[in-house]
Structures are given as structure tokens and as C-alpha cells.
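Q: Build me a model from this:
(chains A, B and C)
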Amino acid sequence: MKIKKNAYFITGGILSALLTILIVVGMFWTPYSTTAMNAKAKMQPPSWSHILGTDNFGRDVFSRVMEGAGTSFVIALLVVLIGCVCGIVIGSLCGYYGGIADMILMHVCDTITAFPAILLALVIISITGGGAYNIVLALGILFIPSFARVVRTQYAGIRDLNYIKSARLMGVSAPRILYAHILPNTLPVLIPAVTIGFNNAVLAEASMSFLGIGIQPPQASLGSMLKDSQNYLNSAPWYALGTGLAVVLLILAFSLLSEGVQQGSRRS
Amino acid sequence: MKLVLKKIISLIITLFIVSLLAFLAFQIIPGDPTTKLLGTNATPEKVAQLRSQLGLDRPVLIRYMDWLVSFVKGEFGTSYTYNRAVSTLLADKLPVTVLLTVLSFLITAAVSVPIGIWAGSTRNKWVDHVFVILDQVLMAIPPFFFGMVSCFVFGIVLRWFMPGSFISLSESFSGCVSYLILPAVCLALPRIAMTVRMLRSSIQEELTQNYVYTARSRGLSRSGIMRRHILKNAMIPVVTFLAVSAAEIMTGTIIIEQVFTIPGTGRLLVSSIGNRDFPVVQAIIVILAAWIVIVNFTADMLNHWMDPRLRQ
Amino acid sequence: MSRRNIALLLSSAMLACALGTFSGATMVMADEAGSASSGDAALTVGLPQDLDNSLDPYQITAAGTREVLFNVYEGLVKPDTDGNFVDAVASEHEISEDGLTYTFTLRDGVVFHNGEEVTIDDVLYSFETCAATTTSTAVAGALSDIQDITADGDKVVITLPAANSSFLSTVSSVTIVPASYTDQATAPVGTGPFKFDSYSPQDKVVFVRNDDYYGEKPALAKVTCKIYDDANALFTALDSGSLDMAFHLTVDQVNSLSNGYNVLEGEMNLVQALYLNNARAPFDDERVRQALCYAIDTDSLLELTEDGHGAKLGSSVYPSFRKYFDESLVDAYPYDPEKAASLLQEAGAEGLSFTIKVPGNYTPHVDTANVIVEMLSAVGINAVIEKVEWNTWLTEVYQGRDFDATVIGFDAAYLSPDALLQRWVSDDSSNMISYNNADYDAAIEKAQSTTDDEEQVAAYKEAQKILSDTAANVYLQDMADFVVLNPEYTGYEYYPLYAVDFSRIRPAQ
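A: I've put the predicted structure just below:
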């Protein structure tokens, strides 16, 4: 698929590239230690030495944002990956073959959607224990139904098209039809679904931290930082605003990129 | 009619599975109601005594069947934590959440439809860009963060609003509504952004359809075409989307009620999960699930009714 | 009219409606606050958590419920702000010289909130019911030791088999309730300065003045406690002026307060520590526990988490216990990372790593754990935090004893060092850390059985010293407890245990 250049694609691309660099650098180096505390440097407003100020333990907020953005990014990416891959497999089989298995699986998906996410996350966390990987697992499972649904609708629509029928007649194997012939045609719908999924995963990680079952301190994630910063909105607004801005930028960068991809491919 | 029947059966099955899942979930997560009730005073004897008092010492499946039978009879049981009938508790909390949902839904519809129509009919490129960016930004803000910041800005900096001073429905309806406006707006904003964008692109797509050119060449006015043809078609996906929003807003109240300290079902649900207050959680989950399934069903029906292509 | 116009009209009507009700709302609030000057002052208070499931005085388990119902319930005697026991439902009490016989004289004309007069039968009923049903193992234990309890005219005579100098604290925990009343759990009736009026879960609980109170009548006609389950929401409400008073606030919150309310400082009356599972390796080795004590810089911890407020602790008793508190233990383990390292080496536990389970909803404890992890990493100890839900904490840590270490605060349910120290006796059911020390058990036994005050104090101090010497836990602090009060009111006083007394609060003029 060819993408024509447009403003969204360029802005989103530049933003995503910058953030990715920041995140990757943050995995190896940050301007200050992300854990060292300093009672004398508590809650300092932004300055040249601390561009986003310091938090309640005197830690540099910018350094922690670098680390936290990395954590959130990796979690969101893995969650979308789990959701997307499982969703594609389930959705494609259901959509392509239909029948009773389709009905049952879609019913299960409906049920998961109708079930409070907090309770489900609690259940999974209590089976697997806390920590970043288990959050990925819990959220990943929660994300499967939405992908499965999108993919299923696409497959159900495409399976009866002539070119698929003829492929079947020509004896092309089912996996080949499913993933080499149909899958590329679902991309225009799948790409925005992935972007929205990414947004939702970042927000979901934040919401889980908000309810106190997210990332374990002192590790930082944008969600857990937002939760912590809540107590200091009045005395250290830069803490919450800096972190909030990072969340918004992270989500914005990738959704602009996706918007650019969509607009570009629509025009071509 | 057959479709309706099928949907109703499917609704019942979904609710059954949801309630069974919730019940099983409580068997898996650590702690039972006695943990919280006895706190740090628990001794094995007291736990055993309280468990038998609450009927928790019976086998799992029997407890579920008991619950199911009384639920079908319309009895929701008694809350372990609050020592009162679940129905009494819900009679207090549910209206608040429903009111919040309705308010938020009304705001979404009343704001997004006119703006969306306007945005769809102007052919200014910059307006377009503004809407795309606004939409992306609004979608990128975590709802609880938005609530937090608005509490801070409107409550502490501007002092327009008194966070945490909720007025109950029974005291004053208008007082209650006025407290709920800000949370309702917080819930509505991302949906407004999405609806506007959807309506805009939907109208613009209709504008490129052949029938518009035909109508134009027959000498119909632009606004006439807009009213009579374009809106009618362009509204189809939007109405469906709005209907689905009603379900999402209801789910969204769970977090917003925490942030704004609104005593509704969302807060009750979260704390009851923490308290392992099974009868309460079960009742709320079933109500929420029923609402979501019914709303999705309504959306399907609306779609069928509005779109002649689907009416076969 | 076109469809478009209708839609526009609708949305502008909505906006107008929104703006209109906004101004209406502020008027309603204005009525609510600032009525202090009128004769019937009403106070709006923020509660940091919901009430217990049962408001029955013997069934209450949460400190947060006990402290507000302090205004409703009274025993024959009750604690005052200095930690002494003063007469309440009894007009006088007398203790025989051998400490075996307690005689309480019923006060004349004390009336329950439901209008019935308190009789000697109610008193006997209360003692019986409390002994049979109380959730507090310590109170139940002390009551079961009573040899005989009899009524003699307007007097109640209690005979003990052996002297117990903290028996008055047990008596104060036996709240006097009407014998013929059965709705105690949902609509409590007591004899205190305030009557319970109504309770709406997750919303509010309302108390009104008891106009028939035998003592000094409260100045406030009504106290409305609004319930919050999020500290931040409570603070926002307080700062915006919708509350007149809040308690248990942290230093950070007080620092960000912008509405000019008065700030009072006291202590939480909690023993916050890094509690160590003494039964689990490597914490079964005294040297490892001591190493942790040396590796944690408490002063710096207080500086980081509380701007230096809060009181340091050296053992399981907090300073409000005055004569029982042993100040010399506070600095028993000065910050000394080298000593910590050498102790670890001696014990063969270099590169130690363990998990600290913390209830995630208690920010102060999570913050403390955070600082501890950072301090321990400086001496090569790898501690990781696991935030758990409160219910999980109770199940896994408190009851299951399945943990390495945890940060939590223990409060005293009644005014006796027993409330804090009894739990570390080897076979106590709530001995969460499985502390096992014969000398300690003997010291507690001695303290409980002696009649001599000085001897008792000495025995309790001995017990504390053993806890400190063996480094049972890493004792940290009694956190600062800030109370914020609207300047239109005055008169709040701290108690040495969990209690918030509304009866002394009055309009400032």
C-alpha cells in the first residue's frame, strides 16, 4: 500500500520518532537517576536543571517520564500484540467458517465486553500475581474481543467474494486463503483498530494504576505517575501536568500517524 | 419478531454466563467477606462462625443455585457490608448513575449533532484540521485525569464548583443535577469528539454521492438537499454510534464517580469488589451487563429501521 | 423550523440550563457552609473511609468507625485527652487496695438516646453481651477473667481473681447499651454527647446533639460526616470549602491547602514499621533484622515522607502512651550502613533480596516502602514492593502470614499497652510476624498480673526493650496527624488513641 505524504503523516511521524528515541535512550540513560531520592530537592518547579521539576521524593520528573513512557509504551505494545494476534486468529476462523463455534465464541466475546474490566483484571492478577508482565497478560486478554469482532465482520464480508470463491475452487489451502488472501484486505479497518487499541491500552494501564493494582513502585509508568501526582496537583502541578502531557503526546503521536496512513492510502 | 425473540434469549444467556463468571471470580480472588468484616480481629473460630452465619460454608454450586433462584424471584439478597437489602441500596444509588448517564448522553447528542452538521457542510480545510486534531487530543486524555484536572481547575482555582459536596436526589433534584453537570461533561467530551468527526466524514461522503449531483442539477437548493437527503443517510451510522455510546458512558461512570465522589453504582461496585460483597457486586454486574446488551440490541434495531438496505 | 435550527436551539438551551443551575448550586453551598455564627452550629466533616458493616459497639473492627462513634458510645468510664479514665455512665468508681474489687456507682438520670433511662440491668447486660460477642480478642480475654459481677442497688461490683492494673481500660471498652434494643447494628443507641441520626452508605453519616446529655452539652447541633474513599477527593472537597473539618491529613496535603483553614498537628497514634516475618529465612536470623535496622535512616525517611514531622519509634509503643513509652529505644539503631553490611556478611546474607507487601490503597505506607527500597539498595539489599489490595493483605499477610516483610501501622483499640504489645506474645493468634521469645512472653505476663503501677511500667518497658534488642521489626515512626478546621470553629483536641471528639468543637466567637 502506497502512502501519499500529508500533514498528519509527517507530524505524527516526527512526533513518534522523537518519542521513540526518547524512550529508547531512556532505557539506557536518563539525565538523573530515576530512583535516587533527595529530601532537599522535593517538589521543585521546572527549571533549567529539572525541565519538568521534581516530585515528592526529589526525583527528576523528566527522567521518570522517560522511564515511565518506556514502561507504558512496551506494555501497550505487548497488550495490542496479544489482543491483535489472538483476535485475528479467533476472528478469522469465526468469520470465515461461521456456524455454531462462531456463535459461541462471539457470545463469549460479548460476555467479556459486558463484564466489568476491573473484576476481570483482579481475577487474572490474583491468579498470576502482580507486576508488569501479568498486567500485560490481564489487559491482553481483555483486548482480544474487540479485535476478534472487527476481524470477524471483515472476514464474514469477504469470504463470499468471487476471488475467494475461485481461490477455494483452485484448491488453495485454507490458511493461505485466510492469511495471505483475506488478511491484507482487512488492513484498512485493522490499522485504525490497532491505533485505538494502543490508545486504550495506555489508558487502561493508567486506570489500573489509578485503582492501585498496576505497576509496582519504584518502577515508573505514566499511569502510576499520574496516580501519584494526583496528590500534588495543588502544590506541584507540574508533576501532574508534565506526566499528563507525556500521556497525551504518546497517544497523539501514534494516532496522528495512523490518521496520516489512512488519509494517504485513501487518496492513492 | 423472531429476531427480537432470538435477541432476548441471547440476552438471558449472556446474563447467566456473566453472573456465573462473577461468582467464579469470587472463588478465585483471595479473601472472602469475613476478611474485611473481621479485619485484624479475625480468629479462626470467629471466621468460621461468621462464615456459617453468612452461609458461606455451603458448597460453591449450591450457593450459586440459591442466588440464582432468589434472583429470578426478584430477590437480590442482603449486602454483607452494609447490612441492608441490596434492593434498598440500589434504590439509592442506581438513580444517581442513571441520571449521570442520561445527562452525559443528552450533552453528547445536543452538542455533537449541530457541530457535526456544521463541520460537515463547511468546506474549509482549516476547520477540517481543527476537528481532526481536537478529536485526537480529546481521545488521548485519560478520563480520570480529565476529571482530576477539572476538579482542580473548577473547584479550587475558579471555585465554580464544590467537588465532593454531592446533593442527593431526595434533597433537591436541581441541586443533584447541577453537581452532576461537570462529571457528565467530562464523560461526554471524548464521545462528542468522536461523534462530530463521524458525522462530519459521513456527511462529506454523502456529498460525493451521485444523487447529490443529480439533485443539484435538478435545481434543488443546497440546504434543501442537505435536509432532505444527506442528513437522513448520514445520520444512520451516527445514531448507531450514539446508541453504543450510551453503553460506554454507563461503563465510564465507574471511574468518574470515583473522581467526583458521586455515590452511585460505580463506586458501590468498586468498593463492593474490595469488600467481597458478593450479592451487591452480582446485582450491579447483571444490571450493567443487561444495559450493555440491551443498548447494543437497540443500536442494531435502529440500524435496521433506518437503513432500507438492511430491511429485507 | 429546520432540523438544524431545532438542534442548535436545543444545545443552547442545555447550555443556559447548565449555567443557570451552576449559580444555583453555589447558593445552596453558601447556605451549607458558614452557618457557624448562628446558634445552631452545624459542622461538615470529611471521613476518609466508609463505616463498618455493623455499628454495634462490640462488632466494630475498623479504627475509622470507632473514632467517630466515640461521640455516641460511652462506657462506665471513658478516656480523656490525657489518657486518664474519667467517670462517664458511672458517677464515681472505687478500686480496693488489693486491686481485686472495682465498685462503680451508676450516675443518676443518664438517659439513652432512645429516651430510656439507664438502669443497672442495662449495665449488666452490656458486660454480658460484650464478653460474649466482642470482636476484640483482648477485651474478650480480660472480661473472661472476671470472677464475679454483681449489682448492689445503684452500684456494680466487679471482682477479679488477680489484680490487673489496666482493667479500667477494659471497662472503658464496654459501652453501655440498652438491654431491650435490637437495632444497634444499623441505628446505634448510646449515652454519648451526640445521637446517631442517619447513615447512607458511601454518602454520609449524620449525628445530632444529645440535648439530654448529663455532662456539658456540645455546642454543635449537628455534625454531618461526608464519606470519601479517596484521600485526594476528600482533600479537594476540603480545599474548595465544602467541608469544615478533616482529620488524618498528611504533610503534603496540608502544604497544598489554599483556603486559609487552621491546621492542627498531633500524632496518628500508630506504630508504623517494616514488619518482618520472623519465622521466615533470612529474617529468622536476628543479625539480618538488625542489619536492616542499621541500613534504614529513619531521620532521612521522616524528612522525605513527612518534611521531618512525625515521631520516631524504637519499639511497639507510641509516644502518646507517655509513661509506658521508652524514649531511649528510639535511637537504638543509628544509621550505619557499614555495620549493616558487616552484620549481613556475618549472617551470610549478602545480596539479600526480599519482597515488601504493602496495601496499595494506603499511600503513606506505599511511600514509606518506596523510600526503604531505595535506602536498602545502597547497602546491596534488593527489596521489591508488591502492592496488594487491602483484602488480599488481610488474607495473605495478616492471617496467612505469607510474606517476607510489610509496611503497616498498628493502632491501639483501647488505652493499655496491651493493645499494642499483647500481639507479639508467642502463641497470640494475631502474632503476624510469628515472634517467638520466652523472655518477652514472661515480661508481658508479669506486666498484666502485677498490681503495682511502677512494676507494671517497668515490665512493659522491659518487653519493649526485648523487641528492640532482638530487632523484631524495623520500627519507624508514629506519623504526623494533621487536623484541618474551618477558622469559624475551634476547640478540637487530640486523644492518645483513635478518637475524634466533636463535643468540644464550638464556633470561634
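Q: Show me the helices in the stretch 101-250 of chain A, by range?
A: A:117-128, A:132-158, A:162-169, A:174-176, A:183-210, A:222-229, A:237-267 (DSSP state H, counting those that start in this stretch).
Q: for chain A, what helix or strand is lowest in average pLDDT?
A: helix A:117-128 (a mean of 71; mean pLDDT, DSSP states H and E).
Q: Tell me the residues of the stretch 101-250 of chain B that contact chain C?
A: Residues of the stretch 101-250 of chain B that fall close to chain C, judged by CB under 8 Å from any CB of the partner chain: B:106-107, B:110-111, B:113-114, B:117, B:148, B:151-152, B:155-156, B:159-168, B:172, B:174-175, B:177-179, B:181, B:223, B:227, B:231. C-beta coordinates here come from the backbone N, C-alpha and C atoms, glycine included.
Q: Separate out the buried members of these.
A: Using 16 or more other CB atoms under 10 Å in any protein chain shown as the burial test, those include B:107, B:110-111, B:113-114, B:117, B:148, B:151-152, B:155-156, B:161-168, B:175, B:177-179, B:181, B:231 as buried.
Q: so the helix or strand hosting B:Leu138 versus helix A:237-267, what angle?
A: For B:Leu138, the element it lies in under DSSP states H and E is helix B:125-140. With axes from the mean of the first three to the mean of the last three CA atoms, to 10 degrees defining the directions, helix B:125-140 sits at 130 degrees from helix A:237-267.
Q: list the buried ones in helix B:125-140?
A: B:Asp128, B:Phe131, B:Val132, B:Ile133, B:Asp135, B:Gln136, B:Val137, B:Leu138, B:Met139, B:Ala140.
Q: Return the member of the residues you listed nearest to chain C.
A: B:Phe131 (16.7 Å; CB to the nearest CB).
Q: And what about C:Glu386, helix, strand or coil?
A: Put simply, C:Glu386 is strand when judged by DSSP: H, G, I helix; E, B strand; the rest coil.
Q: which residue does the stretch 1-150 of chain B bring closest to chain A?
A: For the stretch 1-150 of chain B, CB to the nearest CB, closest residue to chain A: B:Ala140, 3.7 Å.
Q: What is the burial count for the nearest residue to that residue once chain neighbours are set aside?
A: With CB to CB, 6 or more residues apart in numbering or on different chains as the criterion, B:Ala140 has its nearest non-adjacent residue at 3.7 Å, and that residue is A:Ile251. Residues lying near A:Ile251 (other CB atoms under 10 Å in any protein chain shown) number 27.
Q: Just say helix, strand or coil for C:Gln81.
A: Not quite, residue C:81 is Thr, not Gln. Assignment for C:Thr81 (three-state DSSP): coil.
Q: tell me, how many neighbours does the nearest residue to B:Thr40 once chain neighbours are set aside end up with?
A: If the residues on either side of it in the chain are set aside, B:Thr40 comes closest to C:Tyr398, at 6.0 Å by CB to CB, 6+ apart. C:Tyr398 is flanked by 18 other residues according to other CB under 10 Å.
Q: that's a helix at C:Tyr398, yeah?
A: Yes. Applying three-state DSSP, one finds C:Tyr398 inside a helix.
Q: so how far is A:Gln216 from it?
A: Going from C:Tyr398 to A:Gln216 by CB to CB, to the nearest Å gives 20 Å.
Q: and the residue in the stretch 151-300 of chain C positioned nearest to chain A, what pLDDT?
A: Relative to chain A, the nearest point of the stretch 151-300 of chain C is C:Ser256 (3.5 Å; CB to the nearest CB). pLDDT, C:Ser256: 84.
Q: who touches it in this structure?
A: Each residue near C:Ser256 by CB atoms under 8 Å, 6 or more residues apart in numbering or on different chains is listed here: A:Tyr232, A:Leu233, A:Asn234, A:Ser235, C:Phe235, C:Asp239.
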